[in-house]
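*Asks:* Here is a sequence together with a model predicted from it:
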Amino acid sequence: MKNIYSTLLILFVSVTAFAQKSDIRDGDKFFAQAAYVDAADAYENVNDKSQMVLQNLGDSYFYTNQMQNAAEVYELLFLRHEGAVEPEYQFRYAHTLMAAGNYVKADEMMNALTGENWDHEEFASELDTMVPHKFNYDQVMNNQSSSDFGIGFYGDRVAFASTRNQERPIYPWNKLPTLDLYSAEMNDEGEMTDIVLFSDAINTDEHESSATFSQDGMVMFFDRTNEDRVKNENDVRVAHISLYRAENVDGEWTNVEKLPFSSEEYSVEHPSLSADGTKLYFSSDMPGGSGSFDIYVVDVNEDGTYGTPQNLGAGVNTAHREQFPFISDEDVLYFTSDGHQGFGNLDIYRSEGDFSEVENLGESINSGNDDFAFVIKESEEMGFFASNRRGTDNLYQFTREENEIIEAPTVTDETSGQDVIPVDGSKIYFDFDKATIKPESKPVLDSVVTYMNQYPNIKVKVESHADARGTDSYNMALSKRRAASTVNYLVENGIDKGRLISEGYGESRPTNDCTEPTGCTEEQYAKNRRSVFVVSNRNGSMNEDTDMEEPEMDEEEMEDQDEN
């Protein structure tokens with residue numbers, strides 16, 4: 001009898017071991033095919049998970065937006081194999097923690113990974129003073145698919161990508177149909193109506209997405225996955241993505257052609273055409289970039305040819321993902337990234353001018369999950385973005401409003417009769433189109449620090465203004481960023497943030513009659529480019545009735561020496 005039991009035990013162990021090896025082989029096969037749903041199912045059946053199994057299982061959950069599952073697997077991976085795990089897994093683990101709202105532990109992970117100071121509480125607090133806009137959004141209705149994203153403005157309609165076409169092949173990555181491009185009308189209730197599938201000239205059995213159109217609606221750029229799969233550096237077979245151009249001839253999309261800088265060896269994706277049609281922005285992992293996907297721009301020539309793609313540089317691009325660029329009518333670049341500090345996974349950022357600085361759009365629109373494919377009509381303060389914050393990719397419509405400007409009574413010094421109490425007649429200088437404090441302006445701010453340290457009962461409000469050249473919304477945002485930059489300098493030099501307020505007034509409060517973008521001299525415009533310190537007492541009320549013992553100060557207007 002003992003022999004029978006022993007034989008059965010050996011047989012059971014052998015069968016179990018064989019099954020475990022089979023599950024690992026299946027998981028490895030699916031993972032190499034980027035079939036992450038099937039890979040996760042196979043790896044979950046493995047009882048004694050090796051480091052490789054844990055890495056692949058965590059990634060399978062991560063790439064299919066199962067962040068809670070991914071976080072649990074990555075935690076086990078680091079508990080068992082800390083010190084032997086590559087940094088990329090630490091990066092992804094940190095983002096799963098951010099998605100769960102565990103920023104304290106995520107900060108620890110990112111500090112160890114980057115050697116930089118990741119402090120989410122401080123980051124979010126600084127954004128409160130810097131972000132010039134608040135976003136109000138609602139999910140787009142008639143969003144019946146498991147994945148809708150990537151709206152493009154298309155005349156009085158919109159175009160978007162969706163997995164709602166059940167006749168398409170199932171994509172093994174996420175077990176959803178491949179993406180097609182649709183157009184729709186958007187009614188006042190935020191509902192998509194008259195949804196129409198683009199023709200077979202545009203849509204195929206491969207993925208199509210990210211349509212962008214010329215102003216007259218006669219030219220479209222979009223992306224499509226290549227038919228052939230190639231192995232990447234991890235021996236995973238992936239389908240790279242190419243850019244295409246199509247023309248509308250007599251109401252039909254035709255003359256579809258692949259752009260010449262597309263490739264079978266890397267991806268070019270997510271096109272965005274400038275308002276004048278001369279530049280095309282896109283994302284690519286082509287050789288020579290910063291690491292993963294970078295944002296590029298290429299000239300679109302009148303003869304139908306293209307220039308050489310140019311990387312936007314280190315101000316925008318990081319070693320991680322920068323994708324979904326959108327260039328607005330006001331030449332502001334919006335894009336998504338998981339490489340800049342943010343709220344977790346893909347966040348939406350903006351940059352302008354020479355693209356040397358980026359700005360997170362803030363927590364009124366960004367979440368701990370992927371937020372991406374942002375588009376905006378800046379003149380109407382409205383637009384769309386996509387997010388998987390509710391589990392799958394969904395479309396959201398937003399309106400944008402300026403952060404509230406707090407009106408305050410005038411400060412009057414009874415001795416001098418002046419309304420504003422600043423310091424010493426100096427100027428703060430800003431480079432064109434930037435909000436960075438220049439070195440020659442720091443002595444002025446240092447004197448403010450000294451003054452506030454000497455009189456700890458006061459508060460200071462920084463009011464920044466712009467001249468009339470530029471759009472109202474642009475000048476408002478620019479002045480707010482400059483005011484916030486001034487406040488940040490004071491905080492960095494030891495002033496309690498609770499004693500400081502920053503407000504930008506754009507061009508709304510000129511000191512003279514120069515209220516139009518033309519017709520005045522440079523000297524006249526310069527008088528409207530200024531920042532002013534306003535002093536209040538500690539509880540925030542203005543010093544109309546307070547007998548202040550501090551010495552009288554001369555009126556100070558810190559003039560921003562640039563074109564706005």
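*Replies:* In hand now; what should we look at?
*Asks:* what does the average pLDDT come to for stretch 345-365?
*Replies:* The predicted model gives stretch 345-365 an average pLDDT of 94.
*Asks:* Could I get the buried residue list for it?
*Replies:* Neighbour-count burial for stretch 345-365 flags 345-352, 355-365 (criterion: 16 or more other C-beta atoms under 10 Å). For the C-beta atoms, the positions are set from N, CA and C on the backbone; glycine is no exception.
*Asks:* Can you flag which of those residues belong to helices?
*Replies:* Among the buried residues of stretch 345-365, no member is found in helices (DSSP state H).
*Asks:* Now, these that are in strands?
*Replies:* 347-351, 359-360 (DSSP state E).
*Asks:* Surely Thr399 touches Met382?
*Replies:* Yes - judged on C-beta atoms under 8 Å, Thr399 makes contact with Met382 at a distance of 5.1 Å.
*Asks:* Quick one: residues contacting His340.
*Replies:* His340 makes contacts with 318, 347, 349, 358, 360, as judged by C-beta atoms under 8 Å, 6 or more residues apart in numbering.
*Asks:* and the first one, helix, strand or coil?
*Replies:* Translated: Thr318. At Thr318 the chain is in coil, as set by DSSP: H, G, I helix; E, B strand; the rest coil.
*Asks:* so is the residue lying closest to it once chain neighbours are set aside in a helix, a strand, or just coil?
*Replies:* The shortest distance from Thr318 to any non-neighbouring residue, by C-beta to C-beta, 6 or more residues apart in numbering, is to Gly339 (2.9 Å). Each residue gets one of three states, and Gly339 gets coil by three-state DSSP.
*Asks:* Surely Gly339 and Arg321 touch.
*Replies:* Yes - in terms of C-beta under 8 Å, Gly339 counts as a neighbour of Arg321; the distance is 6.5 Å.
*Asks:* who touches both of these two?
*Replies:* Ser292.
*Asks:* Surely Leu97 is in contact with Ala70?
*Replies:* No - using C-beta under 8 Å, Leu97 is not in contact with Ala70; the gap is 10.0 Å.
*Asks:* so what's the closest residue to Thr392 other than its chain neighbours up against?
*Replies:* Nearest non-adjacent residue to Thr392, counting by C-beta to C-beta, 6+ apart: Ser146, 5.1 Å away. By C-beta under 8 Å, 6+ apart, the contact list for Ser146 reads 163, 176, 392-393.
*Asks:* confidence score at Ser146?
*Replies:* You'll see Ser146 listed with a pLDDT of 76.
*Asks:* Can you give me the distance of it to Tyr505?
*Replies:* 46 Å (C-beta to C-beta, to the nearest Å).
*Asks:* mind giving me the domain split of this structure?
*Replies:* Domain ranges of the chain: 2-118, 136-401, 439-559, per automatic domain parsing.
*Asks:* mind checking how far stretch 479-498 is from the chain centre?
*Replies:* Computed by C-alpha atoms, centre = their mean, to the nearest Å, the chain-centroid distance of stretch 479-498 equals 23 Å.
*Asks:* buried sites along that stretch?
*Replies:* For stretch 479-498, burial by neighbour count (16+ other C-beta under 10 Å) applies to 479-491, 495.
*Asks:* top of the contacts of Ser146 by neighbour count?
*Replies:* The residue in the contacts of Ser146 with the most neighbours, by other C-beta atoms under 10 Å, is Asp393 (26 neighbours).
*Asks:* wouldn't Phe221 be in contact with Leu280 here?
*Replies:* Yes - the pair Phe221 / Leu280 is scored as a contact, 6.4 Å apart, by C-beta under 8 Å.
*Asks:* Show me which of these two is the more surrounded one.
*Replies:* Shown here are Phe221 and Leu280; by other C-beta under 10 Å, Leu280 has more neighbours (26 against 22).
*Asks:* wait, is the more buried one part of a helix?
*Replies:* No - under three-state DSSP, Leu280 falls outside any helix and is assigned strand.
*Asks:* how about the helices in this structure?
*Replies:* 2-32, 36-44, 51-63, 67-81, 87-99, 103-114, 120-130, 442-454, 472-492, 522-526.
*Asks:* Turn these into CSV, columns for mean pLDDT and distance to Ala201.
*Replies:* Formatted as CSV, these follow (pLDDT from 0 to 100; distance: least, C-beta to C-beta, whole Å):
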stretch, mean pLDDT, distance to Ala201
helix 2-32, 68, 34
helix 36-44, 96, 31
helix 51-63, 97, 31
helix 67-81, 96, 38
helix 87-99, 96, 38
helix 103-114, 93, 46
helix 120-130, 80, 44
helix 442-454, 80, 59
helix 472-492, 78, 38
helix 522-526, 71, 51
